[in-house]
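Q: Fold the following.
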Amino acid sequence: MITFRDSLNQRLENEKFRKEYEDIQPEMDIIRAIVKARKEQQITQAELSARTGINQGDISRLERGTRNPSLNMLKKLANGLGMQLKIEFLPKTQQI
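A: Next up, the predicted model:
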């Protein structure tokens, strides 16, 4: 049986696919962090919406990857989750 990771590793051998995959990683990191924090706190999108004043539909679109958040929106989400927003620039790593 081929696992997701096996399939992904095979596809990452394709230069064009790998570039596209790497290009969306910052957005995916944000989505994963928001969903993880919300689920760890066992709150719904509606509850997060009430805490932040952000429309629940916008939170849903953000979590699906169909809306890009502004810095202000990220600050509101962090505050609503009782967290601190930290953004950092890291050196790129070389792929072998």
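Q: Show me where the protein has its helices.
A: Secondary structure of the chain (DSSP state H): helices at 4-11, 15-23, 25-40, 45-52, 56-64, 71-80.
Q: Any stretches of this structure with poor pLDDT?
A: For the chain, applying pLDDT under 70 flags the ranges 94-96.
Q: Just give me the residue right at the centre of it.
A: Centrality entry for the chain: nearest residue to the mean C-alpha point is residue 31, 1.7 Å, by Cα atoms, centre = their mean.
Q: quick one: it from residue 13, how far?
A: Distance, residue 31 to residue 13, using Cβ to Cβ, to the nearest Å: 25 Å. C-betas here are computed from N, CA, C, even on glycine.
Q: same thing with residue 81?
A: Using Cβ to Cβ, residue 81 is found at 37 Å from residue 13.
Q: okay, the two: which has more neighbours?
A: Comparing residue 81 with residue 13 by other Cβ atoms under 10 Å, the one with more neighbours is residue 81, at 20 against 8.
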